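Participant: Okay, sequence plus prediction incoming.
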Amino acid sequence: MLIREATAADWPAIWPFLRAIVEAGETYTYPRDLEESVARDMWMLPAPSRTVVAVDEAGTVLGSAKMNPNHMGGSSHIASASFMVDPQYGGRGVGRALGEHVLAWARAEGYRAMQFNAVVETNTVAVALWKSLGFQIMTTLPEGFQHPIKGYVGLHIMYRQL
């Protein structure tokens with residue numbers, strides 16, 4: 001698996017799985033009816049932020065991550081990131097590879113920590129992955145997320161020093 005900078009040519013491969021994940025409404029705080037043009041602007045970030053794709057040996061896009069400062073001004077030393085893995089490639093280490101890549105990027109860019117603002121507590125695969133990469137749950141906003149099946153569930157803020 002190769003992780004490389006995403007280009008405009010990658011968007012047609014990212015959009016179908018991003019749309020499906022967002023429409024399911026189980027893991028992201030994005031509107032479930034997110035329009036493609038809005039999604040593209042939210043996901044395909046300009047420098048100094050960064051968007052990458054994980055691809056296999058044939059060039060198939062398996063997943064993507066975007067990374068950026070979490071805050072501005074006096075808190076701009078904290079990074080954040082978001083991740084989407086095409087469900088048909090789940091369980092193959094794509095999320096872990098993207099997570100490790102993002103952490104290395106944040107260190108290299110001089111960030112002191114990384115914070116995830118909204119990890120849905122029922123997204124147990126993601127929570128376990130982030131914990132295995134050294135993140136801690138700092139707090140959970142009770143009923144901070146309305147899951148389409150499970151109702152109101154907690155929303156974790158997760159943090160890791162770099």
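Facilitator: Arrived safely. These figures come from a predicted structure and were not determined experimentally. Residues are numbered from 1 along each chain as shown.
Participant: C-alpha from now on. contacts and neighbour counts both.
Facilitator: Fine.
Participant: secondary structure element for residue 11?
Facilitator: Assessed by DSSP states H and E, residue 11 sits inside helix 11-24.
Participant: Can you get me a residue count around residue 58?
Facilitator: Per other C-alpha atoms under 10 Å, the neighbour tally for residue 58 reads 7.
Participant: SS state for it?
Facilitator: coil (DSSP: H, G, I helix; E, B strand; the rest coil).
Participant: State the phi and psi torsions of it.
Facilitator: Here is the backbone geometry of residue 58 (degrees, to the nearest 10): phi -90, psi 0.
Participant: Need the per-residue pLDDT for it.
Facilitator: For residue 58, the model assigns a pLDDT of 96.
Participant: Okay, buried residues for stretch 37-46 please.
Facilitator: 39-40, 43-45 (16 or more other C-alpha atoms under 10 Å).
Participant: and those as TSV, adding pLDDT?
Facilitator: Below are the buried residues of stretch 37-46 laid out as TSV (pLDDT from 0 to 100):
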residue	pLDDT
39	97
40	97
43	98
44	98
45	95
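Participant: Strands of this structure, start to end?
Facilitator: Remark: strands assigned in the chain by DSSP state E are 2-5, 50-55, 61-69, 78-85, 113-120, 136-147, 151-161.
Participant: Save those as JSON lines, and put in distance to residue 106 too.
Facilitator: Output for the strands of the chain, formatted as JSON lines (distance: least, C-alpha to C-alpha, whole Å):
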{"stretch": "strand 2-5", "distance to residue 106": "15"}
{"stretch": "strand 50-55", "distance to residue 106": "10"}
{"stretch": "strand 61-69", "distance to residue 106": "8"}
{"stretch": "strand 78-85", "distance to residue 106": "7"}
{"stretch": "strand 113-120", "distance to residue 106": "8"}
{"stretch": "strand 136-147", "distance to residue 106": "17"}
{"stretch": "strand 151-161", "distance to residue 106": "10"}
